[in-house]
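Engineer: missing the sequence, but the structure's below:
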């Protein structure tokens, strides 16, 4: 679990709620289920309208990466490629065929299969980089759904506030209800802006960072496979792959 994501969310919420209390306000005044329904329902309705079903489903699945990110293990990958390069120099590329079934990632399996099949190094790089590009494009398209939610949410929050004010105007005959009614109306704006800047946009940015990191690891893997295909020294391959680690 990504502790810093939880800590950041709790800190942001704590600062806002703490400020409300310090100003003498009541936390109960921020609890408005109707406004929350309008903001969340309206926001996700908008992003569903703009997205394909597959993209939207992927975006929901990627949201879990904020708390449970995929493993990023560059050192393990470098060690594995280095071992493969040593095996190939001693026993030939066909000796790596037994390693294919040990890989769980389809991309890793495909890359090693192409290497064992003796595909030309330049062709090997081209094929795998095309796949990386398509994979990265699809994931970033899904991550941008959260970015779009961050754009729609404040506007939907204003819409919730306007709807609340319409209700207030309907009660102009009773001045005692106006103050509380206006306060309730503007809670929708708080929800819209708060969710956009504390949830949706940070999720989008974090997903983009994770995707970029995963893409870099795949490029590093491809570089290692090409090095093996070229017959480079294992130490040279390892050193070049380490250059991908920041």
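Structural biologist: It's in. Since we're looking at a predicted model, the values are computed, not measured.
Engineer: Domains in this protein, by residue range?
Structural biologist: Domain ranges of the chain: 1-27, 32-242, per automatic domain parsing.
Engineer: residues touching the residue most central in space within the chain, list them.
Structural biologist: In the chain, the centroid-proximal residue (C-alpha atoms, centre = their mean) is residue 207; its distance is 2.0 Å. For residue 207, the contacting residues are 62-63, 65-66, 139, 142-143, 146, by C-beta atoms under 8 Å, 6 or more residues apart in numbering. C-beta coordinates here come from the backbone N, C-alpha and C atoms, glycine included.
Engineer: rerun at 10 Å
Structural biologist: Counting by C-beta atoms under 10 Å, 6 or more residues apart in numbering, residue 207 touches 59, 62-63, 65-66, 69, 139-140, 142-147.
Engineer: can you check residue 61 too?
Structural biologist: residue 142.
Engineer: Following the chain onward from the helix or strand containing it, which element is next?
Structural biologist: Here residue 61 sits within helix 53-63, counting by DSSP states H and E. As assigned by DSSP H and E, the chain's next helix or strand after helix 53-63 is helix 74-91.
Engineer: so where's this structure shaky on pLDDT?
Structural biologist: 175-181, 183-184, 246 (pLDDT under 70).
Engineer: ok, longest helix in it?
Structural biologist: helix 121-169 (DSSP state H).
Engineer: Counting by contacts, list what it packs against.
Structural biologist: helix 33-50, helix 53-63, helix 106-116, helix 178-195, helix 201-229 (3 or more C-beta pairs under 10 Å, 6 or more residues apart in numbering; DSSP states H and E).
Engineer: I'd like to know which of the ones you listed is closest to residue 94.
Structural biologist: The closest of the helices and strands packed on helix 121-169 to residue 94 is helix 106-116. By C-beta to C-beta, the value is 6.4 Å.
Engineer: List of residues touching the closest one?
Structural biologist: By C-beta under 10 Å, 6+ apart, the list of residues contacting helix 106-116 from outside reads 77, 80-81, 84, 88, 92-103, 105, 119-121, 123-125, 127-128, 131-132, 135, 218, 221-222, 224-226, 228-229.
Engineer: Go through the domains of the chain and pick out the most buried.
Structural biologist: Ranked by mean neighbour count, the domains of the chain are led by domain 32-242 with a mean of 17 (mean count of other C-beta atoms under 10 Å).
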